[in-house]
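[1] Predicted model and sequence follow; I will ask about them next.
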Amino acid sequence: MNKRQFLSLATISIGTLVGTPAALASNTHRRQRQSITRDDVKFSWRHHHNTLIGSLSAPTSGWLAVGFNEFPGLRNTRFIIAMTSISPITAEEHLASVPDHKNVTELGLEPALQTAHGSYINGRSHLEFQMSHKFADRPALSLAPGSEVQVMLAWSQETAFDHHSAWRKHLPLTL
């Protein structure tokens, strides 16, 4: 291999590793953390491969929840509900059927929730989770970058998941 062949091959390799400007912008968008705050409740997120990585914090020792829907309102919202103030933490993926909600596995649905962990520090519950961009049973609901969804943020003073929220907001959001 002569010097010219080596430099050509090295340039191609570096271009493959670094990527095109459009690919770089896309990768930056996926990794960049975005957030919203309403009434001392903060939800932040970023994307990695086919996963939404989210973080929620709220001023409660009870449960907290974050959910997603194609339409405004609670009905059919797919959400993660967690209790982080008592160890070990409990986190489940639920579907709102109004006025109740059930664990998706009890409904025979495939969970999109991959991991969840949390903490309770200085009067605030914190939840970190990873969730698939796609729902096997809801192809119209996507958590991929740029998707427009209705996000539900909620918390309760109670730790039992069957208690209603003390605070809840539904907001349009572009992920």
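    On my side now, so go ahead.
[2] Mind listing the residues bridging to T174?
    Counting by DSSP bridges, T174 is bridged to E148.
[3] just I81 next, same as before
    The partner list for I81 in beta bridges (DSSP bridges) reads A65, E92.
[4] Going forward, count from 24.
    Sure, I'll start counting at 24 from here, so that last one is I104.
[5] Give me the neighbour count for it.
    Using other Cβ atoms under 10 Å, I104 is surrounded by 23 other residues. In this view, the C-beta of every residue, glycine as well, is placed from N, C-alpha and C.
[6] May I have the predicted confidence score for the most centrally placed residue in the chain?
    The chain has G77 as the residue nearest its centroid, 3.8 Å off, counting by Cα atoms, centre = their mean. On the pLDDT scale, G77 is placed at 98.
[7] per-domain residue ranges of the chain.
    Following automatic domain parsing, one gets these domains for the chain: 24-54, 56-197.
[8] any idea what the residue nearest to the centre of the chain is structurally, helix, strand or coil?
    With DSSP: H, G, I helix; E, B strand; the rest coil as the basis, G77 sits in strand.
[9] bridging residues for the closest residue in space to it that isn't next to it in sequence?
    Once flanking residues are discounted, G77 sits nearest to W68: 4.6 Å by Cβ to Cβ, 6 or more residues apart in numbering. Bridge pairing for W68 (DSSP bridges) gives the partners Q57, G77.
[10] Might one say that W68 is in contact with T74?
    No: W68 is not in contact with T74 according to Cβ atoms under 8 Å; the separation is 10.3 Å.
[11] Which one of these two is surrounded by more residues?
    Per other Cβ under 10 Å, whichever of W68 and T74 has more neighbours is W68, with 22 against 19.
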